[in-house]
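Visitor: Sequence and predicted structure below; questions after.
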Amino acid sequence: ARLNAKLRPVDGGVEWFEGLSEGDQRRVLHALVLFCGQARAREEDVPESIVRSGIRPTHTPAVMLTKWRFGMEALPAYELTKSFRLLVALFSIADTRRRTLQCAGGCSHAWHNLPDPPRDAT
């Protein structure tokens, strides 16, 4: 489900992610970890992130995050999509909180002020 008409649904993001080369997937995961830090993700966000991601709490990326360990970009290739789903969920939770608490009246964060994509963008 979309939270905002301007945001792409997660499944579309997963499809995009899976279309990348393995090296690019690893670079995206590294960037997502940085974004989570910038959005001020918290350890208490982890359980909800796991639920939202749809991955099992026993999957390696979830176990890592439960221990507040990052570095998912170094996991085997078959763990990368799970890591993507989990980190997107964590970022979403942290960024939503930040928007609500700090940016509700407007802000200069470039990522909160993106232009609408062209209608024919894929």
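Guide: Yep, that arrived. Residues are numbered from 1 along each chain as shown.

Visitor: mind listing what's buried in stretch 38-46?
Guide: For stretch 38-46, the buried set under the neighbour-count rule, 16 or more other C-beta atoms under 10 Å, comprises A39, A41, D45, V46. Just so you know, the C-beta spots here come from the backbone N, C-alpha and C atoms, and that holds for glycine as well.

Visitor: Assign P57 to helix, strand or coil.
Guide: Three-state call for P57 (DSSP: H, G, I helix; E, B strand; the rest coil): coil.

Visitor: Tell me how many other residues crowd it.
Guide: By other C-beta atoms under 10 Å, 13 other residues sit near P57.

Visitor: How about F17?
Guide: By the criterion of other C-beta under 10 Å, F17 has 20 neighbours.

Visitor: follow-up on the earlier one: quick one: the buried residues of stretch 38-46 as a markdown table, columns for pLDDT and secondary structure too.
Guide: Output for those, formatted as a markdown table (pLDDT from 0 to 100; DSSP: H, G, I helix; E, B strand; the rest coil):
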| residue | pLDDT | secondary structure |
| --- | --- | --- |
| A39 | 92 | coil |
| A41 | 96 | coil |
| D45 | 97 | helix |
| V46 | 97 | helix |
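
Visitor: Would you mind checking which of those residues is nearest to R26?
Guide: A41 (19.7 Å; C-beta to C-beta).

Visitor: What does the closest residue to M72 other than its chain neighbours show for phi and psi?
Guide: Leaving aside its sequence neighbours, M72 sits nearest to S83 (C-beta to C-beta, 6 or more residues apart in numbering; 3.6 Å). Main-chain dihedrals, S83, degrees, to the nearest 10: phi -60, psi -40.

Visitor: which ones are touching the closest residue to G71 other than its chain neighbours?
Guide: Sequence neighbours aside, M64 is the residue nearest to G71 in space, at 7.2 Å (criterion: C-beta to C-beta, 6+ apart). By C-beta atoms under 8 Å, 6 or more residues apart in numbering, the residues touching M64 are F70, G71, M72.

Visitor: Repeat that for D45.
Guide: Here D45 is in contact with L90, I93, A94 (criterion: C-beta under 8 Å, 6+ apart).

Visitor: Highest neighbour count among the residues you listed?
Guide: Highest neighbour count within the contacts of D45: L90, with 26 neighbours (other C-beta under 10 Å).
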